[in-house]
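Trainee: dropping a prediction and its sequence here:
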Amino acid sequence: MRIVGDVHGDSRAFAAAAETDRFVIQLGDLVDDGPDTPGALEIMFRLLDEKRGLFLLGNHDFKLARALRGDRVRGEPTIKTFATLPAEMRRPTKDAIMAAPVWLRAGNLFFVHGGFHPAMLEQAPGPFPPGRPDPLWARALYGQTSGRVTGAGKPERLLRWVEDIPPGMVVYVGHDQRSNDGRPYVRQSRKGGKAIFMDTGAGKGGHLSWVDIDQVD
């Protein structure tokens with residue numbers, strides 16, 4: 001498998017990541033911010049059609065799908081994407097996003113966009129919600145927050161959830177750009193699991209990162 005971090009409309013980088021014989025798992029936030037969300041979506045549609053990849057539901061994807069079904073949404077990146085998305089792509093984009101998995105497990109590997117919760121190991125996410133996401137969906141899309149906002153006006157994100165990762169499990173996430181050296185950020189759990197944060201700023205002044213996995217235990 002090839003695990004790909006947040007794309008955020010960086011179609012050129014995503015095209016390079018998709019040039020592989022491996023099965024591609026993109027960790028969500030395929031859309032918004034970057035220069036070419038339609039191009040990134042077209043690459044993902046091709047991977048889906050060829051059964052060579054999938055993308056998880058990220059918070060930006062979630063917001064775009066809501067806009068495409070007629071909900072009122074806030075946020076300049078999504079509003080801009082909605083306005084510039086070609087008409088012929090709107091229905092396929094909405095359908096693909098609403099069908100995207102919210103979390104996935106493969107052996108000792110777990111994939112989710114924002115953050116992990118142990119209940120995800122026992123509970124299926126259910127269908128795309130008609131309104132606000134339930135707590136597990138919220139954890140998957142947005143991670144763990146304190147209820148406060150940062151000086152930049154963003155929700156303050158916490159990493160306490162990493163301590164709930166079971167021994168031997170590796171959780172791959174996007175959403176939270178924690179890297180200080182341009183490489184995916186690894187955080188260990190005291191229980192013996194770990195989280196790998198794959199967002200390295202693609203579409204937002206950084207670059208796209210991916211990790212290849214040869215074996216699933």
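Mentor: Thanks, I have the structure now. A quick note: this is a predicted structure, and the numbers were derived from the prediction, not measured.

Trainee: show me what residue 196 is bridged to.
Mentor: In this structure, residue 196 bridges to residue 172, residue 186 when assessed by DSSP bridges.

Trainee: can you pull the contacts of it?
Mentor: By C-beta atoms under 8 Å, 6 or more residues apart in numbering, the residues touching residue 196 are 170, 171, 172, 173, 184, 185, 186, 211. Every residue, glycine included, has its C-beta placed from N, CA and C.

Trainee: again with residue 16
Mentor: residue 208.

Trainee: wait, a strand at it?
Mentor: No - under the criterion used here (DSSP: H, G, I helix; E, B strand; the rest coil), residue 16 is helix, not part of a strand.

Trainee: filter the contacts of residue 196 down to the buried ones.
Mentor: 170, 171, 172, 173, 184, 185 (16 or more other C-beta atoms under 10 Å).

Trainee: can you pull up the most central residue in this structure?
Mentor: residue 28 (2.1 Å; C-alpha atoms, centre = their mean).

Trainee: can you count the residues close to the nearest residue to it once chain neighbours are set aside?
Mentor: Among residues not flanking residue 28 along the chain, residue 58 sits closest, at 2.6 Å (C-beta to C-beta, 6 or more residues apart in numbering). By the other C-beta atoms under 10 Å criterion, the neighbourhood of residue 58 contains 31 residues.

Trainee: on that earlier part again, wait, the residue nearest to the centre of the chain touches residue 63, no?
Mentor: No - counting by C-beta atoms under 8 Å, residue 28 sits too far from residue 63 to count as a contact (11.6 Å).

Trainee: quick one, grab the pLDDT at the residue nearest to the centre of the chain.
Mentor: In this model, residue 28 is scored at 97, pLDDT.
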